[in-house]
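1. build the 3D model from these lines:
(chains A and B)
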Amino acid sequence: MRAVLRRRTEIATEGDSLAASCEFAGWRLDLVRHELKSPHGVVVNLTSGEFSLLRAFVERPRRVLTRDQLLELARGPESEAFDRAIDVQISRLRRKLENSGDGQELIRTVRNEGYMFTVKVTRP
Amino acid sequence: MNLKRPWAAPLFAQVVGLVIATLAASQLCAVFIILSLPPPTLEIYTVADVAQAVRLDAATTHEGNKLVARISDSAPASETQGFRRRAFRDDLARTLSVAPEDIVISQPTTRILVLHSSAAKRLAVEDQPILYGPFKLGLRQRDGRWLLVQPGGGIGIDAWQQRLLLVFAVTAAALAPLAWWFARRMAAPIAALAAGAERLGRDPRAPPLEPRGSAEVIAAVNAFNEMQERLRRHVEYRTTLVGAIAHDLRTPLTRLRFRIEAVPEALRAKLSSDIDEMEAMVSATMEFARESAKPRVHGKLEIASLVETVMDEAEETGADAAALNAERLVVDGDPMGLKRVLENLVNNALKFGGRARARALTRDGMAVVEVDDDGPGIPLEYMERAFEPFHRLETSRSRDTGGLGLGLAVARAIARAHGGDVTLSNRAEGGLRATLTLPLSVS
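-> Prediction:
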């Protein structure tokens, strides 16, 4: 019973999330709290799949990533999802980024190869 | 509660003070106008003035009033009455060398003029007949028509009437802003109190109202704040109690789980499944208590992305769920809490309605998320009961539709903590619609 009472007064601690976040084109991705903030300071919610995908991109900016690479980076080595699933998730991620941002293209399609994250990523 | 009580005059004293102040201010305005403006011109016409008007068709008196003359076919309406008018007529007849019978003086009303002797001296009208105020004087011409002489150039009302209207206009113009300001000052705290009472209905954890306004309103606001505080404590106490009971039930349940190892095999499976069910109920209840008591984390949040996330995640598990034309809407809120609201609504839609369709839009300045299903809907009289904790409309308590009847209660508790609400309605085309409304983020 005491534990329940204690939980009520618990304060959400910020933690050391500062070290584990990165910024790109005004956006801010918190890698610990899995939270994406737009350039206007608005939280944009991502599914876990979209988050993994975005993390794969920001860790390797300005490089062409093939669908296979993305699958492996986002879902782990033994994932068996097919190509189209990645395309669907990328289009959803793109839509969320475009609608809440400045309309800038962040993820570019490289024909016959894969996708590329086009902007610079900084880690504070 | 120890709220600071700033001193303020009671409403009674404020209103009495306002009336007296208004009266004094209007009288001051009137006195100021009377003293500062020159006295109005006296509308006095002498025989010489009228004679000049007859000869030249127009004349201006000593006081600056104008007389005009024109030819008319008919005589003035009434006969000359009263000895002063007759004296005036006789004097005028002598001056113009016409018969007194050819002159008719008509005045619409009988007026009394008290002329101070100094003013009479100033106007040089001592001992001579005069006409005062509006009049019509007719002089018969040789051809039988009439020459009409009357005051002209005015706007049809007397000088003293004009002065009175001026006083009224100036007073009204001077007092209107004061009245406006004062009325606003009295009404605003009452309106704030009403808004606070309305908000309390939705969220007992709203911040207390600031006591301001008249003494009576401050007393009402303080009483209201204390009531809200008691209500909040009561709700929190109840929720904590439920959570604590659920928490304490876990220990004997765990002990039970060990003890059934000793019972015969046939009975054990059934007992075990009963214990599973009880444990699920306990954890759902604890979660409800936790969600209800959770402090709010406020940040800007894009609600459409949340809707899409919840629908996509539901779809990934094979459910028939989709987000339709989600508008980009920013609200203030806790992302985890609001996600739970949407998940609960979508899970209900999928469980009882087979499929879920969600859209985000703005309506009446609020962010609205609608979750539609294709189920049978809910009879109107059970609509509100659906939100009661532990209340399940489906009485079978069958395992596969599961649940404890906490989903909607949790959803509504979280939505109301955000200043919004969750409501249900049956769609015209069939199926149930759960609507989440949230205040839009300002800026």
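2. going forward, measure contacts between C-alpha atoms and count neighbours the same way
-> Will do.
3. next, the buried residues of the helix or strand residue B:21 falls within.
-> Here residue B:21 sits within helix B:11-36, counting by DSSP states H and E. Of the residues in helix B:11-36, B:14, B:22, B:26, B:29-30, B:33 count as buried by neighbour count, 16 or more other C-alpha atoms under 10 Å in any protein chain shown.
4. which of those residues lies closest to residue B:39?
-> residue B:33 (10.3 Å; C-alpha to C-alpha).
5. which residues touch that closest one?
-> Each residue near residue B:33 by C-alpha atoms under 8 Å, 6 or more residues apart in numbering or on different chains is listed here: residue B:167.
6. I'd like the distance between it and chain A.
-> Remark: distance between residue B:33 and chain A (C-alpha to the nearest C-alpha, to the nearest Å) = 60 Å.
7. what does residue B:304 give?
-> Distance from residue B:304 to chain A, counting by C-alpha to the nearest C-alpha: 8 Å.
8. what does residue B:285 give?
-> Where chain A is concerned, residue B:285 sits at a distance of 12 Å (C-alpha to the nearest C-alpha).
9. and that residue, how many neighbours?
-> 24 (other C-alpha atoms under 10 Å in any protein chain shown).
10. list phi and psi for it.
-> phi -60, psi -40 (degrees, to the nearest 10).
11. in space, not sequence, find me the middle residue of chain B.
-> Nearest to the geometric centre of chain B sits residue B:191, at 8.2 Å (C-alpha atoms, centre = their mean).
12. check which element follows the helix or strand in which that one is found along the chain.
-> Element membership of residue B:191, judged by DSSP H and E, is helix B:159-202. Sequence order places helix B:215-259 as the next helix or strand after helix B:159-202, per DSSP H and E.
13. avg pLDDT for that next one?
-> Helix B:215-259 carries an average pLDDT of 87.
14. stretch A:57-64 too?
-> Rounded mean pLDDT across stretch A:57-64 is 85.
15. low-confidence ranges, chain A, go.
-> Chain A contains residues with pLDDT under 70 at A:1-19, A:76-83.
16. can we see that at 50?
-> Applying pLDDT under 50 to chain A picks out residues A:7-18.
17. what about the lengthiest helix in it and chain B, touching?
-> When chain A is parsed with DSSP state H, its longest helix is helix A:83-100. Yes: Helix A:83-100 lies within reach of chain B by C-alpha under 8 Å from any C-alpha of the partner chain, at A:96, A:99-100.
18. C-terminal to that helix, what's the next element?
-> Past helix A:83-100, the next helix or strand by DSSP H and E is strand A:107-110.
19. which other residues reach that next one?
-> Strand A:107-110 has contacts (C-alpha under 8 Å, 6+ apart) with A:64, A:94, A:115-118.
20. and it, how far out from the chain's middle?
-> 16 Å (C-alpha atoms, centre = their mean, to the nearest Å).
21. partner strands of that strand, with direction?
-> Sheet pairing of strand A:107-110 (DSSP bridges) gives strand A:114-117 (antiparallel).
22. wait, residue B:339 touches residue B:311, no?
-> No: between residue B:339 and residue B:311 there is no contact under C-alpha atoms under 8 Å: 10.6 Å.
23. between those two, who's got more neighbours?
-> Neighbour count, other C-alpha under 10 Å: between residue B:339 and residue B:311, residue B:311 has more, with 24 against 18.
24. buried sites along the host helix or strand of the more buried one?
-> If you go by DSSP H and E, residue B:311 is part of helix B:303-316. Across helix B:303-316, burial judged by 16+ other C-alpha under 10 Å covers B:303-314.
25. list the residues that contact the closest residue to residue B:215 other than its chain neighbours.
-> Excluding the flanking residues, the one nearest residue B:215 by C-alpha to C-alpha, 6 or more residues apart in numbering or on different chains is residue B:10, at 4.5 Å. Residues in contact with residue B:10 (C-alpha under 8 Å, 6+ apart) are B:214-216.
26. would you turn these into TSV with neighbour count?
-> Output for the contacts of residue B:10, formatted as TSV (neighbours: other C-alpha atoms under 10 Å in any protein chain shown):
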residue	neighbour count
B:214	23
B:215	20
B:216	16
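27. export those residues to a markdown table and tack on distance to residue B:262?
-> Compiled in a markdown table, the contacts of residue B:10 are given as follows (distance: C-alpha to C-alpha, whole Å):
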| residue | distance to residue B:262 |
| --- | --- |
| B:214 | 73 |
| B:215 | 72 |
| B:216 | 71 |
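28. closest to residue B:69 out of the residues you listed?
-> residue B:214 (64.7 Å).
29. for residue B:147, give its distance to residue A:25.
-> Applying C-alpha to C-alpha, to the nearest Å, the value for residue B:147 to residue A:25 is 94 Å.
30. chain A contacts on chain B?
-> By C-alpha under 8 Å from any C-alpha, the residues of chain B that approach chain A are B:240, B:243-245, B:247-248, B:290, B:293-295, B:299-303, B:305-306, B:309-310, B:312-313, B:328, B:330, B:335.
31. now the buried members of those.
-> The neighbour count (16+ other C-alpha under 10 Å) marks B:240, B:243-244, B:247, B:290, B:293-295, B:299-303, B:305-306, B:309-310, B:312-313, B:328, B:330, B:335 as buried among those.
32. pretty sure residue A:44 contacts residue B:305?
-> Yes: if you go by C-alpha under 8 Å, residue A:44 and residue B:305 touch, sitting 5.8 Å apart.
33. tell me, what's touching those two both at once?
-> By C-alpha under 8 Å, 6+ apart, residue A:44 and residue B:305 have these common neighbours: residue A:96.
34. for residue B:368, give me the pLDDT.
-> In this model, residue B:368 is scored at 93, pLDDT.
35. give the burial count for residue B:193, as a bare number.
-> Residues lying near residue B:193 (other C-alpha under 10 Å) number 21.
36. and residue B:221, by the same measure?
-> Here the count is done by other C-alpha under 10 Å, and residue B:221 has 25 residues near it.
37. residues contacting it?
-> Taking C-alpha under 8 Å, 6+ apart as the test, what residue B:221 contacts is B:193, B:209-211.
38. could you dump the residues you listed to TSV with distance to residue B:163 and pLDDT?
-> Listed next are those as TSV, based on distance: C-alpha to C-alpha, whole Å; pLDDT from 0 to 100:
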residue	distance to residue B:163	pLDDT
B:193	45	86
B:209	50	82
B:210	48	82
B:211	46	81
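39. all helices of chain A, in order?
-> Counting by DSSP H, one finds helices in chain A at the ranges A:2-9, A:48-59, A:67-75, A:83-100.
40. quick one: closest of the ones you listed to residue B:137.
-> Comparing the helices of chain A by C-alpha to C-alpha, helix A:83-100 comes nearest, at 86.3 Å.
41. dump the residue contacts of the residue nearest the centre of chain A.
-> In chain A, the centroid-proximal residue (C-alpha atoms, centre = their mean) is residue A:54; its distance is 3.0 Å. Contact analysis of residue A:54 by C-alpha under 8 Å, 6+ apart lists residue A:93.
42. what is the helix holding residue B:191 packed up against?
-> Other helices and strands packing on helix B:159-202, by 3 or more C-alpha pairs under 8 Å, 6 or more residues apart in numbering or on different chains; DSSP states H and E, are helix B:11-36, helix B:215-259.
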